[in-house]
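A.B. asks: Give me a model of this one.
(chains A, B, C and D)
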4 protein chains.
Amino acid sequence: MNCVETPYCRRVAYYETDKMAIVHHSNYIRWFEEARTAYMCQNGESYADLEKKGFLMPVVSVNCRYRSPVGFDDEVEIYTRLVSFNGARMKFEYKIYTDGGNRLVVTGDSEHCFIDAETRRPLNMKKANAEFYEKCTLMLGEKQN
Amino acid sequence: MNCVETPYCRRVAYYETDKMAIVHHSNYIRWFEEARTAYMCQNGESYADLEKKGFLMPVVSVNCRYRSPVGFDDEVEIYTRLVSFNGARMKFEYKIYTDGGNRLVVTGDSEHCFIDAETRRPLNMKKANAEFYEKCTLMLGEKQN
Amino acid sequence: MNCVETPYCRRVAYYETDKMAIVHHSNYIRWFEEARTAYMCQNGESYADLEKKGFLMPVVSVNCRYRSPVGFDDEVEIYTRLVSFNGARMKFEYKIYTDGGNRLVVTGDSEHCFIDAETRRPLNMKKANAEFYEKCTLMLGEKQN
Amino acid sequence: MNCVETPYCRRVAYYETDKMAIVHHSNYIRWFEEARTAYMCQNGESYADLEKKGFLMPVVSVNCRYRSPVGFDDEVEIYTRLVSFNGARMKFEYKIYTDGGNRLVVTGDSEHCFIDAETRRPLNMKKANAEFYEKCTLMLGEKQN
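C.D. replies: Residues are numbered from 1 along each chain as shown, chains lettered A, B, ... in the order given. Take a look at the predicted model:
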């Protein structure tokens, strides 16, 4: 695992476990969101600011593969990577590790589109927000190298 | 338990349990909300419609006492009662039962105020929405008898 | 949509919405679980009973495609279908509709394995629980016709 | 606010907001739990370890007063204080601040009892776990001074 990016780290809360005594599978989808928010922020794009500018980034699809469970108080590291972006769609991949990076917990991805907060109509960010478009294109290029 | 009102019924979902194998205590607060929504609807006031008219009903306080646990797939009945209303504030009480009404699970209450959806300023519904005011006053009277 | 099966119906709770004023995408994964539980029960297999017998059915993967949003108080119907089962793995597909079945909201699937509740070791239900195996094989056959 | 204790800090996740564009009120109860877990750990009592030793600490009551809302990506600090403990019952108080400690968001408390993880019978920790009893008595004393 030769990732250069800083992972997003967090501990498992009690309320995130279920009666199997492991994290309920729906919560990883929520952690993807936390990790994506942190990743965008690290790369100079605050999602909170993006929304203030009138853009929303709804989720188009989510895929998640559960490889090994984690339980209450376990520490996890979430690696996020932008894997595609064309102005209209954006795709992230996630890898969640525990035990200091030695055990793979979950892998997954999420795809997003862009819409206008007011009209809820789809947008191409190349036109709608050139600065965002360039930053994401750069983010994509760096990860690919 | 000589309640005349129809309780709001639901089953415990798997994702609502925690590693103690019982419902996580935060979820009862969410069930209060579900029950309150159903209760208002039964009494001719859809909360969804109230919001469409521009009114919000944020929660000012919640109190909850846990008496007996429930687990996955258990059926619960939630009794809701409006216990005070003066146009500016509104208070509901809840009783959650299981085992066909024979076991008391949780009791609690929630207090609400009214605000304008746009300005987020507090409102007195006596002025802001007379129809709602009358309906709630009536609802309160009926429950007291 | 020529489904013969009875859909699982529910309303959107307020706490399931997010600041986009639509259901947060993670909640559909939770609804899949509710619908799967109801579907298994309809087909004579209570998941609560299965757990009491010492079997767990952890989720191996989840895929979800978001086609159209729903908001607070909207009614949804969830159609569940068992699409594969070989004793060791089981796959369900889901279709969530709203507007009386006229608008497709979400499609997805979930794959499950079987483990022993004590040892947490994988099981083949053909050996471990022949009755369950036969019921599921039947369930699969019926849906395919 | 002359607290000596280190607050538990976290940011608001998107999935914790609701359609009012603020944190859903049930989530503060979950944050109380996160803060309580961190507070106990800071004071030398890991709740995860306590459970491994066979003790559970179910919630007996929760009270919560909502004073000012927070929204997506806001940073909050949660101050936790043990306010009573007699071996059989334990009570914590919480204060949640934002804006660098300048705005009070929520105040509340939670009461807990102790049960045996196996039998689910109530326990007095003075007998059941003397080390825990002493640590908590100390914790209580320190906070009162």
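A.B. asks: show me what contacts the residue most central in space within chain A?
C.D. replies: Central residue of chain A (CA atoms, centre = their mean): A:Arg36, 2.7 Å from the mean position. Taking CB atoms under 8 Å, 6 or more residues apart in numbering or on different chains, we find A:Arg36 in contact with A:47, A:80, A:92, A:94, A:110. Where C-beta positions appear, they are placed from N, C-alpha and C, glycine not excepted.
A.B. asks: That one: which element?
C.D. replies: helix A:26-42 (DSSP states H and E).
A.B. asks: okay, the angle between that helix and helix C:26-42?
C.D. replies: 170 degrees (axes from the mean of the first three to the mean of the last three CA atoms, to 10 degrees).
A.B. asks: who's in contact with the helix or strand following helix A:26-42?
C.D. replies: Downstream of helix A:26-42, the first helix or strand assigned by DSSP H and E is helix A:47-52. With contacts defined as CB under 8 Å, 6+ apart, helix A:47-52 is touched by A:36-37, A:40-41, A:57, A:117, A:132, C:19, D:14, D:72-73.
A.B. asks: hmm, try it at 10 Å
C.D. replies: With contacts defined as CB atoms under 10 Å, 6 or more residues apart in numbering or on different chains, helix A:47-52 is touched by A:33, A:36-41, A:46, A:55-57, A:114, A:117, A:125, A:129, A:132, C:19-20, D:11-12, D:14, D:21, D:71-74.
A.B. asks: now these: which count as buried?
C.D. replies: Listed as buried from the contacts of helix A:47-52 are A:33, A:36-41, A:55-57, A:114, A:125, A:129, A:132, C:19-20, D:11-12, D:14, D:71-74; burial here means 16 or more other CB atoms under 10 Å in any protein chain shown.
A.B. asks: Just the C-alphas of stretch A:32-40, formatted as PDB.
C.D. replies: This file holds the C-alpha atoms of stretch A:32-40, laid out as PDB (Å, rounded to 0.1, in the frame of the first residue of the first chain):
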ATOM      1  CA  PHE A  32     -17.200   7.100   2.700                       C
ATOM      2  CA  GLU A  33     -18.900  10.500   2.800                       C
ATOM      3  CA  GLU A  34     -16.900  11.700   5.800                       C
ATOM      4  CA  ALA A  35     -13.700  10.600   4.100                       C
ATOM      5  CA  ARG A  36     -14.700  12.200   0.800                       C
ATOM      6  CA  THR A  37     -15.500  15.500   2.600                       C
ATOM      7  CA  ALA A  38     -12.000  15.400   4.300                       C
ATOM      8  CA  TYR A  39     -10.300  14.500   1.000                       C
ATOM      9  CA  MET A  40     -11.900  17.300  -0.900                       C
END
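A.B. asks: Show me what the helix or strand of chain A with the lowest mean pLDDT is packed against.
C.D. replies: Ranking every helix and strand in chain A by mean pLDDT, DSSP states H and E puts helix A:130-144 at the bottom, with a mean of 86. Secondary-structure packing of helix A:130-144 (3 or more CB pairs under 10 Å, 6 or more residues apart in numbering or on different chains; DSSP states H and E): helix A:26-42, strand A:75-85, strand A:89-98, helix A:125-128.
A.B. asks: Compute the mean per-residue pLDDT across stretch A:38-48, please.
C.D. replies: Average pLDDT, stretch A:38-48: 94.
A.B. asks: Quick check: end-to-end length of that stretch?
C.D. replies: In stretch A:38-48, first residue to last residue: 11 Å (CA to CA, to the nearest Å).
A.B. asks: Same check on stretch A:106-125?
C.D. replies: End-to-end for stretch A:106-125, by CA to CA: 30 Å.
A.B. asks: For it, what does the pLDDT average out to?
C.D. replies: Per-residue pLDDT over stretch A:106-125 has a mean of 98.
A.B. asks: Give me the buried positions along it.
C.D. replies: In stretch A:106-125, counting by 16+ other CB under 10 Å, buried: A:106-115, A:123, A:125.
A.B. asks: Identify, from those, the entry nearest to chain B.
C.D. replies: A:Val106 (16.3 Å; CB to the nearest CB).
A.B. asks: and the helix or strand harbouring the closest one, is it in reach of chain C?
C.D. replies: In the assignment (DSSP H and E), A:Val106 maps to strand A:103-113. Yes - counting by CB under 10 Å from any CB of the partner chain, chain C is contacted by strand A:103-113 at A:106-113.
A.B. asks: per-residue pLDDT, A:Asn2?
C.D. replies: For A:Asn2, the pLDDT comes out at 37.
A.B. asks: any idea how far the residue lying closest to A:Glu45 once chain neighbours are set aside lies from chain D?
C.D. replies: Of all residues not flanking A:Glu45 in the chain, A:Lys135 sits nearest, at 5.6 Å (CB to CB, 6 or more residues apart in numbering or on different chains). Distance of A:Lys135 to chain D, computed by CB to the nearest CB, to the nearest Å: 18 Å.
A.B. asks: OK, contacts around A:Lys135?
C.D. replies: By CB under 10 Å, 6+ apart, the neighbours of A:Lys135 are A:40, A:43-45, A:85, A:125, A:129.
A.B. asks: Tell me how far it lies from B:Met90.
C.D. replies: Using CB to CB, to the nearest Å, we find A:Lys135 at a distance of 47 Å from B:Met90.
A.B. asks: For the residue located most distally from the centre of chain A, which residues are in contact?
C.D. replies: What lies farthest from the middle of chain A is A:Lys19; by CA atoms, centre = their mean that is 26.8 Å. A:Lys19 makes contact with B:12, B:14-23, B:71-72, C:51, C:56, according to CB under 10 Å, 6+ apart.
A.B. asks: What's the separation between it and D:Met125?
C.D. replies: 25 Å.
A.B. asks: quick one on the thing from earlier: with distance to D:Arg67 as extra columns, can I get the helices and strands packed on helix A:130-144 in CSV?
C.D. replies: Listed next are the helices and strands packed on helix A:130-144 as CSV, based on distance: least, CB to CB, whole Å:
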stretch, distance to D:Arg67
helix A:26-42, 26
strand A:75-85, 32
strand A:89-98, 35
helix A:125-128, 38
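A.B. asks: wait, isn't A:Pro7 in contact with A:Ala35?
C.D. replies: Yes - assessed by CB atoms under 10 Å, A:Pro7 is found in contact with A:Ala35 at 7.9 Å.
A.B. asks: Looking at the two, which is more packed in?
C.D. replies: Remark: of A:Pro7 and A:Ala35, A:Ala35 carries more neighbours, 24 against 19, as counted by other CB atoms under 10 Å in any protein chain shown.
A.B. asks: check contacts around the more buried one.
C.D. replies: Contacts of A:Ala35 by CB under 10 Å, 6+ apart are A:7-10, A:28, A:76-80, A:92, A:94-96.
A.B. asks: Out of the residues you listed, the closest to chain D would be?
C.D. replies: A:Arg10 (9.0 Å).
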